[in-house]
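1. Below is the structure, and that's it, no one-letter string:
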């Protein structure tokens, strides 16, 4: 339902007189009943009605990481003399605390087949399951729990892609499990390669895809071992990973993310020449920081999105997801054994985690400014602070059987399902719903400007 549609109904009511016939009365009565009942079952469809009810609320368009809550009432009448812009209380949904939620989880490993084995903590005997019973509470407002029916209605006739590493896949599988309360998708992948999956929700004509590209850009495995036995990779910092960039124009939403893979030893190539490396331990090669390659990769990706004339969708940057290894590195006995979330005053993110996060934000802001010139939307899914407070949400040793031969024995990178990563869908749905409010506010803000200039 388009916003202007409801507006047209009101305009019609003002400028026309309905004939008083039983047929018309019956039609009007049925219409009113439908307009009353439908939003109760599908709150998303009621959004335009809610906005029309609050015509007096407007503000300049919100920033990418802040959303309106509880609009304050202020008169905006057809007064040609006095025109005031009402104020709207802002709420940053990404700043807050974790609070208990006894109703969670909203699915189990026995009810969702989309859980990757290494994140199936319940299957592998994790003893403490309290980590599932928390929800994110922003400071100063509420973040609704994910509503699968709303999300599917929003995504009707749309395509959404997750672009990134295995944490991006972790996110997609969390979303699939949350949606499983309504319907399961069918596999419509165009290849048998598990790194490139497509799922379709046929009743909604909604397609969800994942592209495994841990560095986001063109990459080549140079050595299988390398200094840390995790491989040595050539990163072509100014070249694209065409496996996904050639298909980006097919999608309405791209969720871009990258993180932990950049800590692996890497060789940096620019203009087809070796410019340096990160922890490659090669003679006569300039040693650069992990942030150098990280920044260049995001810059190249954002430049490609802004320069792709066919892509007209929305780009969402899902920010850095921190790991929580304690008492050692990931391959030196480090583990994550905490059983409750931190409070925000108990810990501070700093060092490399903060630097990677800030690098992302800086490149995102630059891309957002350029995108605005080209009419492209960039939005920030800023999950970093919330996840920094969740050292209890990782699989640790409960992503495999005790005698399994796995590279990452104690997994403090990915997230258990169900678990705190489910909150990412709470964030995502709220962001998508608020796009309707954003469009309305922009339209009303423009109207106020025109009235003032008269």
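-> Cool, the structure landed. These numbers come from a predicted model, not from an experiment.

2. From now on I want contacts and neighbour counts done on CA atoms only, so please keep to that.
-> OK.

3. If you average pLDDT per helix and strand, which one of the protein comes out bottom?
-> In the chain, no helix or strand scores lower on mean pLDDT, DSSP states H and E than helix 47-53, which sits at a mean of 27.

4. Tell me the bridge partners for the residue lying closest to residue 226 once chain neighbours are set aside.
-> The shortest distance from residue 226 to any non-neighbouring residue, by Cα to Cα, 6 or more residues apart in numbering, is to residue 232 (4.9 Å). Beta-bridge partners for residue 232, by DSSP bridges, are residue 223.

5. what about the helices in the stretch 201-350 of the chain?
-> Here the stretch 201-350 of the chain has its helices, by DSSP state H, counting those that start in this stretch, at 242-245, 290-307.

6. Looking only at the longest one, what residues are buried by neighbour count?
-> For helix 290-307, burial by neighbour count (16 or more other Cα atoms under 10 Å) applies to 290-306.

7. Would you check that residue 408 makes contact with residue 330?
-> Yes. Judged on Cα atoms under 8 Å, residue 408 makes contact with residue 330 at a distance of 7.2 Å.

8. Those two: which has the busier surroundings?
-> Taking other Cα atoms under 10 Å, residue 408 and residue 330 do not tie; residue 330 has more neighbours (20 against 14).

9. what residue ranges in the chain are flagged as low confidence?
-> 1-89, 438-450, 454 (pLDDT under 70).

10. Compute the distance between residue 394 and residue 235, please.
-> In this view, residue 394 and residue 235 are 29 Å apart by Cα to Cα, to the nearest Å.

11. more crowded one of those two?
-> Set residue 394 next to residue 235 and count neighbours by other Cα under 10 Å: residue 394 wins out with 30 against 25.

12. got the phi/psi numbers for that one?
-> Backbone torsions of residue 394, given as degrees, to the nearest 10, read phi -90, psi 160.

13. How much space separates the nearest residue to it once chain neighbours are set aside from residue 324?
-> In space, and not counting its chain neighbours, residue 394 is closest to residue 415: 4.5 Å by Cα to Cα, 6+ apart. Taking Cα to Cα as the measure, residue 415 falls 11 Å from residue 324.

14. Ok, residue 108 next?
-> Counting by Cα to Cα, the gap from residue 108 to residue 324 is 24 Å.

15. what's the answer for residue 369, then?
-> Counting by Cα to Cα, the gap from residue 369 to residue 324 is 33 Å.

16. Please say which of the two ends up with more neighbours.
-> Neighbours around residue 369 and residue 324, counted as other Cα under 10 Å, are more numerous at residue 324. The numbers are 25 against 13.

17. so who does that one touch?
-> 335, 336, 391, 412, 413 (Cα atoms under 8 Å, 6 or more residues apart in numbering).

18. Burial check on the third one, number of neighbours?
-> Neighbouring residues of residue 391 were enumerated by other Cα under 10 Å; the total is 25.

19. how many neighbours does the residue nearest to residue 226 have?
-> Residue 232 has 22 neighbours, counted by other Cα under 10 Å.

20. and what of residue 224?
-> 11.

21. okay but it is in contact with residue 265, surely?
-> No. In this structure, residue 224 is not within contact of residue 265 by Cα under 8 Å, at 11.0 Å.

22. tell me, what's touching those two both at once?
-> Common neighbours of residue 224 and residue 265 (Cα under 8 Å, 6+ apart) are 230, 231, 232.

23. how close does the second one sit to residue 245?
-> Separation of residue 231 from residue 245 (Cα to Cα) stands at 24 Å.

24. Do a quick rundown of the strands in the stretch 151-300 of the chain.
-> For the stretch 151-300 of the chain, the strands defined by DSSP state E, counting those that start in this stretch occupy 159-164, 186-187, 196-201, 206-212, 217-223, 232-240, 253-256, 266-270, 273-278.
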